[in-house]
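**Q** When you get a sec, could you give me coordinates for this:
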Amino acid sequence: MQTKEEAIIKIKSLVQRFDEQKELYKKTDYNETQTRRDFIDPFWKALGWDVDNESGYAESYREVIHEDRIKIGKETKFPDYAFRLLGLKDLFFLEAIKNTKPTPDSLIYLIIFSIREQGRG
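**A** Prediction:
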């Protein structure tokens with residue numbers, strides 16, 4: 001496990017790399033998967049989350065679930081990340097979206113994830 005200072009250094013390096021190359025990242029051919037692998041995963045790892053399940057936990061006990069399945073009303077949604085407390089309770093969801101202007105639909109989608117009641121149906 002890394003220290004707080006090491007985490008800060010890692011996050012600063014991610015910010016610096018993005019800032020130095022932001023024109024590349026804004027291009028249409030730089031996709032969501034690349035963004036997740038290059039920035040989102042390393043960011044959460046720096047904060048101590050086991051994004052890659054290096055602990056080897058069974059699916060139901062992982063801290064981070066990729067492409068989780070949640071019900072919102074009658075619809076099933078698949079957020080890119082579900083962060084869990086001890087694998088039991090969803091704390092929050094993260095949806096990576098392309099670096100473009102958000103649409104009303106994408107904003108509503110993100111807001112629903114943000115305010116969704118805790119607990120799974």
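
**Q** For P79, which non-adjacent residue is spatially closest?
**A** Counting by Cβ to Cβ, 6 or more residues apart in numbering, P79 lies nearest to F93, which is 3.9 Å off, once chain neighbours are set aside. The C-beta positions use only the backbone N, C-alpha and C, and glycine is treated the same way.

**Q** Just to check, the one you found is in contact with A82?
**A** Yes: F93 lies in contact with A82 (Cβ atoms under 8 Å); the separation is 5.4 Å.

**Q** Give me the common contacts of those two.
**A** Residues touching both F93 and A82 (Cβ atoms under 8 Å, 6 or more residues apart in numbering): D68, I70.

**Q** Domain ranges for the chain, per the record?
**A** 1-48, 55-121 (automatic domain parsing).

**Q** Take those domains and lay them out in TSV including mean pLDDT and mean neighbour count.
**A** Shown next, in TSV, are the domains of the chain (pLDDT from 0 to 100; neighbours: other Cβ atoms under 10 Å):
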stretch	mean pLDDT	mean neighbour count
domain 1-48	87	13
domain 55-121	71	13
